[in-house]
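K.L.:
sequence and predicted structure, then a few things I'm wondering about:
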Amino acid sequence: MDKSKRLFLKSKQAFRRPLPPIQSGDRIDYRNMSLISRFISEQGKILSRRVNRLTLKQQRLITIAIKQARILSSLPFLNNEKQFEKGELVLKTTGLRTRKK
């Protein structure tokens, strides 16, 4: 066989599809924080369906569960942990002046 023909041969390795992120026994609920936290980015945003590899129905249920958890304060709306760790938070003064008598 020529070198030119050998370059175009495909490998015979089996293609293995990755496992789905939600198993059949997992319950999508706002109280299941270990499941919900897998579908949120570092900034606290809900990841897209394409990134999560979820079905449309699963993505809707995850979104509703995340929003319910945020409203009930079990999940923050924004994730500002990096800002607090570095100490970059600067307290602003109100600018009120006191009068001298």
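P.N.:
Arrived safely.

K.L.:
now do the buried residues in the lengthiest helix in the chain.
P.N.:
Counting residues, the longest helix found in the chain (DSSP state H) is helix 56-71. Within helix 56-71, the residues that qualify as buried by neighbour count (16 or more other CB atoms under 10 Å) are Q58, Q59, L61, I62, A65, I66, A69, R70. Bear in mind the C-beta positions are built from the backbone N, C-alpha and C, glycine included.

K.L.:
out of the helices and strands in the chain, which is least certain?
P.N.:
Considering only helices and strands, the least confidently modelled element of the chain by mean pLDDT, DSSP states H and E is helix 81-86, at a mean of 52.

K.L.:
circling back: distance to I36 added to the buried residues of helix 56-71, as CSV?
P.N.:
Supplementary listing: the buried residues of helix 56-71 in CSV, determined by distance: CB to CB, whole Å:
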residue, distance to I36
Q58, 12
Q59, 13
L61, 10
I62, 7
A65, 6
I66, 6
A69, 6
R70, 10
